[in-house]
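1. Here is my input, please return the structure:
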Amino acid sequence: MVTRLVFQTVVWLVCMSALLFGAAGTLAWPAAWWYVIELGVLTLWVGLWLARHDPALLAERLSPLVQQQQSRWDRIFMISVAVAWCGWLILMAFDAMRFHWSAPLPVALVSLGSVCVFLCIFMCRFVFQANSYAAPVVKIQASRGHKVIDTGLYAHVRHPMYGAALLLFVGTPLLLGSWWGLAVVPVLVAGMGWRAIREERLLAAQLDGYTDYMARVRYRFVPFIW
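-> Model prediction:
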């Protein structure tokens, strides 16, 4: 399992690097190097923790983004996300390095971006600790005894991993120095919100106790906001 984790992480980082540096037209982009290294180190940190404490969840996290158990809408969504993510990285590389469409970001904002990326992965670690069913795809994991989780971060918001993803969405363009990338963030958030609503409909219909959980925990991503 650890070998698979390392292999998939390396492949993912190589693909991201190819998109970023290829679109930038140069390897002399320190912010992109830091972004790739930070994501790689933090991903391996969480993955190795899962390998020790919850290998079943790690297996789910390493599974393909398109699976037979998924609803058709979620398969389409995940494919769209993969395409959008690649396009977003290319856009930020064009903006920050190749064409310089927007002014450079202040160092303080770039540093804030790095902090946001760290906090995203750090929060995901606590999500995984609370929820052994936090698969990357929307499905009912009946074979693993899927049940409602209402402890940890789930006691405050219904989708804490999506809340953590908000930090990644903001942190990525800040760290890479792209105002254009930051301008795309509302579109990404809207897509994630749409998925959360569809996911809740499926869980309410197929997972015992989820409707009651929704009544107890009012907010989806951020307490007191939404």
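2. rest of the way, CA atoms for contacts and neighbours
-> Will do.
3. From the centroid of the protein, which residue is nearest?
-> A centroid search over the chain (CA atoms, centre = their mean) returns A165, at 4.7 Å, as the residue closest to the centre.
4. Skipping adjacent residues, who's closest to that one in space?
-> C120 (6.1 Å; CA to CA, 6 or more residues apart in numbering).
5. just F21 next, same as before
-> Distances taken as CA to CA, 6+ apart place L27 nearest to F21, at 5.7 Å, with adjacent residues excluded.
6. and if you look at L48?
-> Nearest to L48 is V2, by CA to CA, 6+ apart, at 7.0 Å.
7. Pull up the gap between that neighbour and V66, please.
-> Look at V2 and V66: by CA to CA, to the nearest Å, they are 22 Å apart.
8. S111 contacts P173, correct?
-> No. If you go by CA atoms under 8 Å, S111 and P173 don't touch, sitting 11.3 Å apart.
9. Comparing those two, which shows the higher neighbour count?
-> P173 (28 against 14; other CA atoms under 10 Å).
10. and the more buried one, what helix or strand is that in?
-> helix 160-176 (DSSP states H and E).
11. Kindly export that helix (C-alpha atoms) in PDB.
-> Only the C-alpha atoms of helix 160-176 are listed here, as PDB (Å, rounded to 0.1, in the frame of the first residue of the first chain):
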ATOM      1  CA  PRO A 160     -15.200  19.700   6.400                       C
ATOM      2  CA  MET A 161     -13.100  18.400   3.600                       C
ATOM      3  CA  TYR A 162     -14.800  20.700   1.200                       C
ATOM      4  CA  GLY A 163     -14.200  23.500   3.700                       C
ATOM      5  CA  ALA A 164     -10.500  22.500   3.700                       C
ATOM      6  CA  ALA A 165     -10.500  22.600  -0.100                       C
ATOM      7  CA  LEU A 166     -11.500  26.300   0.000                       C
ATOM      8  CA  LEU A 167      -8.100  27.000   1.600                       C
ATOM      9  CA  LEU A 168      -6.400  25.100  -1.300                       C
ATOM     10  CA  PHE A 169      -8.400  27.000  -3.900                       C
ATOM     11  CA  VAL A 170      -7.400  30.300  -2.400                       C
ATOM     12  CA  GLY A 171      -3.800  29.300  -1.400                       C
ATOM     13  CA  THR A 172      -2.800  27.900  -4.800                       C
ATOM     14  CA  PRO A 173      -3.100  31.100  -6.900                       C
ATOM     15  CA  LEU A 174      -1.700  33.200  -4.100                       C
ATOM     16  CA  LEU A 175       1.300  31.000  -3.800                       C
ATOM     17  CA  LEU A 176       1.800  30.800  -7.500                       C
END
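12. What helices and strands are in contact with the helix or strand just after it?
-> Downstream of helix 160-176, the first helix or strand assigned by DSSP H and E is helix 179-206. The contact analysis (3 or more CA pairs under 8 Å, 6 or more residues apart in numbering; DSSP states H and E) places helix 179-206 against helix 72-93, helix 160-176, helix 210-216.
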